[in-house]
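# What shape does this take:
(one chain, ligands or ions: 1)
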Amino acid sequence: MAQRVVKPKTNLGPGFWPVTAFIVVLSAIMVYLVETSPLPIGLIQAGQPADSIDALFRFLGAVAAVLFNIVTIYTVYFGIVFARPKNAPANTIGVQIHDSPVLEFWWTAIPTILVIVLSIYSVKIWADLQNTQGDVLTVEAIGYQFGFQYRYPKLANPVSEFHLPVNTPTTIHVTSRDVIHGFWIPELRMKADMVPGLINTIRVTPTVPGTYRVICSEFCGLAHGAMKGTVIVDSQQDFSAWFNKQAAAQGTTTGGGGGAAGGAAIAIDQGKADAGKTLFGQKCSACHSVGPFEQKQVGPGLGNLFNDSKHPKLVNDKPATPQNVAAIIHDGYQGDLGVMPSAQVNQISNSDIANLVAYLASLSKK
Ligand code: CUA
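Numbers count the residues shown, from 1 in each chain. A predicted model of the protein is given here:
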């Protein structure tokens, strides 16, 4: 059965250009609204990276609005203009067009450029979030069923309150003690998985003092929904006052290589080299060899740690005394040689530290 072909009056239909003008005007209004409207109520920008994340979000929204208008309005328009006329037979079909190099070029080129622009924009923001250079404060956030703990430099024990000083570039190392949790601060638009055995790093600079939410964003067990906390962004003075109160309450700090932890000093002389060797294989050997300093993996080789005349200040710019080695294992390290998580993050107890010190000392005696 031959099909009858109805030829349209023009290729694009009678109202194509007015409809196109309507799309342009509507898109311009929507882009303006997407770029200028306030974000949902209560979701303030409490610091960086909230501003850059929101800028990316608005850019995506503007692009999506324009694409939405083009696709839906033309679809409806062409559907109406090229509908089968009422008096035409039921098997009438429209003009069949094959191969349009110009059209094919543009519907390939435009999405490609769009995806490239979005990729570069996103990667740039992501790279800024990972660049912790010049950060002033480093905090460790540890998830557990069902809550959060925080460790601060020079504070011996983890605390359950999370305070950050305002206008201070801060690195947060995020991990978990048991199962996978999510660490999410909506007001800072910052989120990272808390994975046992893995340390994820995020950076924030809070700029607006206040109390904000910390929410677990991964289903982690029966009380997942109750796993919520707060972060309090303090003025510098309030933060110092809070910090000093915590230090006083704990009775001690680990600053200056003291080696005291949890109110109880590490009994270094009771360490057992055998136990330390086993532990080194489990906890340290991924990053440290037992060869000479130069035999680096992630960190330096530790075979000569206690007797390394070429690197007399290897342990955090201090001599490698058992106390200083215990302190660096306990506190972790951040500096020229890289980043080593604290004993809390590595899940190493005080007696473990003593065993590790005994093992490292035994290596240097050979
Ligand atoms: Cu922890 Cu959900």
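# who does the host helix or strand of Leu33 touch, helix- and strand-wise?
Assigned by DSSP states H and E, Leu33 belongs to helix 16-36. For helix 16-36, the elements it packs on are helix 50-81, judged by 3 or more C-beta pairs under 8 Å, 6 or more residues apart in numbering; DSSP states H and E. Bear in mind the C-beta positions are built from the backbone N, C-alpha and C, glycine included.
# and the helix it packs on, average pLDDT?
Averaged over helix 50-81, pLDDT sits at 91.
# between it and helix 16-36, how many degrees?
Orientation of helix 50-81 against helix 16-36 (axes from the mean of the first three to the mean of the last three C-alpha atoms, to 10 degrees) gives an angle of 160 degrees.
# Show me which residues of helix 50-81 are buried.
Neighbour counts over helix 50-81 (16 or more other C-beta atoms under 10 Å) mark 50, 52-53, 56, 58-59, 61-62, 65-66, 69, 73-74, 77, 81 as buried.
# Closest one to Leu337 out of these, please.
Ser52 (30.4 Å; C-beta to C-beta).
# Now for that closest one: which residues touch it?
Ser52 is in contact with Ile125, Asp128, counting by C-beta atoms under 8 Å, 6 or more residues apart in numbering.
# can you map out the strands along the stretch 151-300 of the chain?
In the stretch 151-300 of the chain, the strands defined using DSSP state E, counting those that start in this stretch lie at 162-165, 170-176, 181-185, 190-194, 200-206, 210-215, 228-234, 260-261, 264-265.
# Mean pLDDT, mean neighbour count and distance to Asp336 added to those strands, as CSV?
Output for the strands of the stretch 151-300 of the chain, formatted as CSV (pLDDT from 0 to 100; neighbours: other C-beta atoms under 10 Å; distance: least, C-beta to C-beta, whole Å):
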stretch, mean pLDDT, mean neighbour count, distance to Asp336
strand 162-165, 92, 21, 25
strand 170-176, 92, 23, 16
strand 181-185, 94, 24, 28
strand 190-194, 91, 21, 25
strand 200-206, 89, 20, 18
strand 210-215, 92, 17, 32
strand 228-234, 92, 19, 30
strand 260-261, 38, 22, 25
strand 264-265, 56, 12, 29
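# Relative to Gln246, which of the ones you listed is closest?
Proximity to Gln246 (C-beta to C-beta) singles out strand 162-165 among the strands of the stretch 151-300 of the chain, at 8.7 Å.
# Show me how far that closest one is from its chain's centre.
Centre-to-centre, strand 162-165 and its host chain are 18 Å apart (C-alpha atoms, centre = their mean, to the nearest Å).
# same check, this time on stretch 221-232
Stretch 221-232 has its C-alpha centroid displaced from the chain centroid by 18 Å (C-alpha atoms, centre = their mean).
# Span of stretch 157-176 from start to end?
This stretch, stretch 157-176, spans 16 Å end to end (C-alpha to C-alpha, to the nearest Å).
# CA atoms of the helix holding Leu33 as PDB?
This file holds the C-alpha atoms of helix 16-36, laid out as PDB (Å, rounded to 0.1, in the frame of the first residue of the first chain):
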ATOM      1  CA  PHE A  16       9.200  28.400  14.300                       C
ATOM      2  CA  TRP A  17      10.900  31.700  14.800                       C
ATOM      3  CA  PRO A  18       8.300  33.200  17.300                       C
ATOM      4  CA  VAL A  19       8.600  29.900  19.300                       C
ATOM      5  CA  THR A  20      12.400  30.200  19.200                       C
ATOM      6  CA  ALA A  21      12.200  33.800  20.400                       C
ATOM      7  CA  PHE A  22       9.900  32.600  23.200                       C
ATOM      8  CA  ILE A  23      12.500  29.900  24.200                       C
ATOM      9  CA  VAL A  24      15.300  32.500  24.300                       C
ATOM     10  CA  VAL A  25      13.300  34.900  26.500                       C
ATOM     11  CA  LEU A  26      12.000  32.100  28.800                       C
ATOM     12  CA  SER A  27      15.500  30.600  29.100                       C
ATOM     13  CA  ALA A  28      17.000  34.000  29.900                       C
ATOM     14  CA  ILE A  29      14.500  34.600  32.700                       C
ATOM     15  CA  MET A  30      15.000  31.100  34.100                       C
ATOM     16  CA  VAL A  31      18.800  31.400  34.000                       C
ATOM     17  CA  TYR A  32      18.500  34.700  35.800                       C
ATOM     18  CA  LEU A  33      16.300  33.100  38.500                       C
ATOM     19  CA  VAL A  34      18.600  30.100  38.900                       C
ATOM     20  CA  GLU A  35      21.600  32.400  39.400                       C
ATOM     21  CA  THR A  36      20.000  34.800  41.800                       C
END
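# which parts of it are buried?
Those would be Val19, Ile23, Ser27, Met30, Val31, Val34, for helix 16-36 by 16+ other C-beta under 10 Å.
# list the contacts for the fifth one?
For Val31, the contacting residues are Ala62, Ala65, Val66, by C-beta under 8 Å, 6+ apart.
# surely Val208 meets Ala50?
No - between Val208 and Ala50 there is no contact under C-beta atoms under 8 Å: 9.3 Å.
# need the residues of this protein near the ligand, please.
Proximity of the chain to the ligand (C-beta under 6 Å from any ligand atom) is limited to residues Gly143, Phe146, His181, Cys216, Glu218, Phe219, Cys220, His224, Met227.
# ok, and the closest non-adjacent residue to the last one?
Using C-beta to C-beta, 6 or more residues apart in numbering and skipping residues adjacent in sequence, the residue nearest Met227 is Cys216, 3.7 Å away.
# who's in contact with that neighbour?
Cys216 sits next to Gly143, Phe146, Phe148, His181, Gly182, Phe183, Trp184, His224, Met227, Lys228 when contact means C-beta under 8 Å, 6+ apart.
# Next: Glu140.
Shown in contact with Glu140 (C-beta under 8 Å, 6+ apart): Tyr150, Arg151, Pro158, Ile172, His173, Val174, Thr175, Pro341, Ser342, Gln344, Val345.
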